[in-house]
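K.L.:
Curious how this folds, go ahead:
(one chain, ligands or ions: 1)
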Amino acid sequence: MKTLNDFNFNNKKALIRVDFNVPLNDDFVVTDATRITSAKPTIIKILEDGGSCILMSHLGRPKGVEEAFSLKHIVGKVEDIIGVEAKFVSNCIGAEAEAAAANLKPGELLILENLRFHEEEKQGDKAFAEQLSKLGDIYVNDAFGTAHRAHASTTIVAEFFTENKCFGYLLEQEIKSIDKVLKTGEKPVLAVLGGAKVSSKITIIENILDKVDHLIIGGGMTFTFIKAQGGTVGDSICEDDKMELALEILKQAKEKNVQIHLPVDVLAADAFSNDANTQVMDVNTISNGWQGLDAGPKSIALFHDVVQQCKTILWNGPLGVFELERFANGTIELGNSIAEATKKGAFSLVGGGDSVAAVKQFGFEKKVSYVSTGGGAMLESLEGKTLPGIAAILQ
Ligand code: AMP
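P.N.:
Residues are numbered from 1 along each chain as shown. Next up is the predicted model:
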């Protein structure tokens, strides 16, 4: 696996695919610069080597050239974070971009206009990728968030750098974190899968059964498993057409010696609202008119014990409707348990969508080993797929 440290960038121009798809407010001010900060170590290493950086990214979903999605809005923020003045070109390919790249001196930074102003980017167009490739000597992919897309700048462009291509520090860290869970993790390995639906997690569950010793299933997914085994789930979210699949998963887990832990009780509510009446109910006997919206106290204690036994922990998906304060406790307590296990030496990875939002909202970011920066890319990695952006560097 070729990484940044395999290269000396002295007098070299690095063409870096970053993920600067940051949120902007109505005044075009960056409201969360995490993605820019995440790319900083890669950029600094190259500049300190005596190289220059050409940064390319997409921003939002423009239809053609749309001023509102111009990367010029983020130039100031990048300068603040990297601590270096940045040049900007209003087209990512063509004569202007080529001249700007050619004139770039060691230690300088150039930001290209939004890649998605050209529809060829998402189409993975080869001629467009070749035009991009002319701008740099070494291609660096540091955009995990788009590594599952075979776009021109994330995948196809790599073909034009036979040897001179590598992962940036962020992407390297993402790959190593996933490997640490799925391939080289110290046993016992635990996956906690929560979230709303079995259907959106099924491929992950199937892949993960071969890798883990324990699997905690929580959140809305719980009720399909409970009903399939003969429980009554009241008005809880449940996918009747996935009940057979749920039984098959339980059977497979048994065959593969994976211990599955489901909630034993829930905090049930008479409405999907913070103002609802609530009561703790046995997960197998939820009355009509009531829906399980969070893990109950016995489940939280049970999950805590499982988490403390494990040395490698993957967490994807909340244990309840954490967006509503009344039903956030199970997710917060799981975060506390994982933080405690991490403090005792376990490796913990949080990845994929809403669990990342929950971890940030409740302040667990620094208390777990790694929080992934890629939603879809993380989910596809957990499904066992080789991401095209990663494969393109390895080839
Ligand atoms: P996912 O994107 O699949 O990880 O699902 C995350 C969503 O699952 C969040 O918006 C939660 O509110 C929702 N969720 C978690 N537990 C439940 C539950 N018991 N009932 C309904 N929705 C839930």
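K.L.:
okay but residue 173 is in contact with residue 370, surely?
P.N.:
Yes - between residue 173 and residue 370 there is a contact under CB atoms under 8 Å: 7.1 Å. Bear in mind the C-beta positions are built from the backbone N, C-alpha and C, glycine included.
K.L.:
Quick one: the helices in the stretch 251-395 of the chain, in order.
P.N.:
With helices called from DSSP state H, counting those that start in this stretch, the stretch 251-395 of the chain shows them at 297-309, 329-343, 354-361, 375-382, 388-394.
K.L.:
Would you reformat these as JSON lines and include mean pLDDT?
P.N.:
What follows is the helices of the stretch 251-395 of the chain, written out as JSON lines (pLDDT from 0 to 100):
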{"stretch": "helix 297-309", "mean pLDDT": "98"}
{"stretch": "helix 329-343", "mean pLDDT": "97"}
{"stretch": "helix 354-361", "mean pLDDT": "85"}
{"stretch": "helix 375-382", "mean pLDDT": "91"}
{"stretch": "helix 388-394", "mean pLDDT": "97"}
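K.L.:
closest to the ligand out of the ones you listed?
P.N.:
In terms of CB to the nearest ligand atom, the element of the helices of the stretch 251-395 of the chain nearest to the ligand is helix 354-361, at 3.9 Å.
K.L.:
follow-up on the earlier one: out of the helices of the stretch 251-395 of the chain, which one sits most buried?
P.N.:
Per-stretch averages of neighbours, counted by mean count of other CB atoms under 10 Å, single out helix 375-382 among these, with a mean of 23.
K.L.:
helices or strands next to that one in the packing?
P.N.:
On a contact count with 3 or more CB pairs under 8 Å, 6 or more residues apart in numbering; DSSP states H and E, helix 375-382 meets helix 169-182, helix 202-208, strand 312-316.
K.L.:
now with 7 Å?
P.N.:
helix 202-208 (3 or more CB pairs under 7 Å, 6 or more residues apart in numbering; DSSP states H and E).
K.L.:
List the buried residues for the helix it packs on?
P.N.:
Residues 202, 204, 205, 207, 208 are the ones in helix 202-208 that count as buried (16 or more other CB atoms under 10 Å).
K.L.:
and the stretch 151-300 of the chain, which of its residues are near the ligand?
P.N.:
Within the stretch 151-300 of the chain, the residues that sit near the ligand (CB under 6 Å from any ligand atom) are 194, 195, 196, 197, 200, 219, 220, 237, 292, 293.
K.L.:
One more pass at 5 Å, please.
P.N.:
Along the stretch 151-300 of the chain, the residues adjacent to the ligand under the rule CB under 5 Å from any ligand atom are 195, 196, 219, 220, 237, 293.
K.L.:
with those residues in mind, which one is nearest to the ligand?
P.N.:
Nearest to the ligand among these: residue 195, at 2.5 Å, using CB to the nearest ligand atom.
K.L.:
what secondary structure does that closest one sit in?
P.N.:
Here residue 195 is recorded as coil under DSSP: H, G, I helix; E, B strand; the rest coil.
K.L.:
Return the per-residue confidence for it.
P.N.:
If you check residue 195, the pLDDT there is 89.
K.L.:
if I pick the nearest residue to it once chain neighbours are set aside, what's in contact with it?
P.N.:
With sequence-adjacent residues excluded and distances taken as CB to CB, 6 or more residues apart in numbering, residue 195 is closest to residue 317, at 3.1 Å. By CB atoms under 7 Å, 6 or more residues apart in numbering, residue 317 lies in contact with 193, 194, 195, 219, 354, 355.
K.L.:
Now the two most distant members of the residues you listed.
P.N.:
The largest separation in those, counting by CB to CB, is between 193 and 354 at 11.7 Å.
K.L.:
Let's test this: name the helix or strand in this protein with the lowest mean pLDDT.
P.N.:
Every helix and strand in the chain was compared by mean pLDDT, DSSP states H and E; the lowest is helix 354-361, with a mean of 85.
K.L.:
Ends of stretch 341-350, what's the gap?
P.N.:
Start-to-end span of stretch 341-350 (CA to CA, to the nearest Å) is 14 Å.
K.L.:
what about residue 264, how many neighbours?
P.N.:
A count of nearby residues for residue 264, using other CB atoms under 10 Å, gives 16.
K.L.:
State the pLDDT value of it.
P.N.:
98.
K.L.:
and the gap between it and the ligand?
P.N.:
Shown here: residue 264 relative to the ligand, a distance of 14 Å by CB to the nearest ligand atom, to the nearest Å.
K.L.:
Quick check, that residue in contact with residue 283.
P.N.:
Yes - using CB atoms under 7 Å, residue 264 is in contact with residue 283, at 5.7 Å.
K.L.:
what does the helix or strand hosting residue 245 rub up against?
P.N.:
Here residue 245 sits within helix 243-255, counting by DSSP states H and E. Contact partners of helix 243-255, identified using CB under 7 Å, 6+ apart, comprise 198, 202, 205, 209, 215, 224, 225, 227, 228, 260.
K.L.:
before we move on, what about stretch 93-105?
P.N.:
The contact list for stretch 93-105, computed with CB under 7 Å, 6+ apart, reads 13, 52, 54, 87, 89-91, 110, 112, 128, 131-132, 134-136.
K.L.:
and with 6 Å instead?
P.N.:
Residues from elsewhere that reach stretch 93-105 (CB atoms under 6 Å, 6 or more residues apart in numbering): 52, 54, 89, 91, 110, 131, 135.
K.L.:
ok now it, how far from the chain's centre?
P.N.:
Put simply, stretch 93-105 sits 33 Å off its chain's centre (CA atoms, centre = their mean, to the nearest Å).
K.L.:
Need the CA coordinates for it. CSV is fine.
P.N.:
The C-alpha trace of stretch 93-105 is given here as CSV (Å, rounded to 0.1, in the frame of the first residue of the first chain):
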residue,chain,number,x,y,z
ILE,A,93,-9.2,21.9,-16.4
GLY,A,94,-8.0,23.8,-19.5
ALA,A,95,-5.4,26.4,-20.2
GLU,A,96,-5.9,28.6,-17.1
ALA,A,97,-5.6,25.6,-14.8
GLU,A,98,-2.6,24.3,-16.6
ALA,A,99,-0.8,27.6,-16.5
ALA,A,100,-1.6,28.1,-12.8
ALA,A,101,-0.3,24.6,-12.0
ALA,A,102,2.9,25.1,-14.2
ASN,A,103,3.7,28.4,-12.4
LEU,A,104,3.2,26.9,-8.9
LYS,A,105,6.4,27.1,-6.8
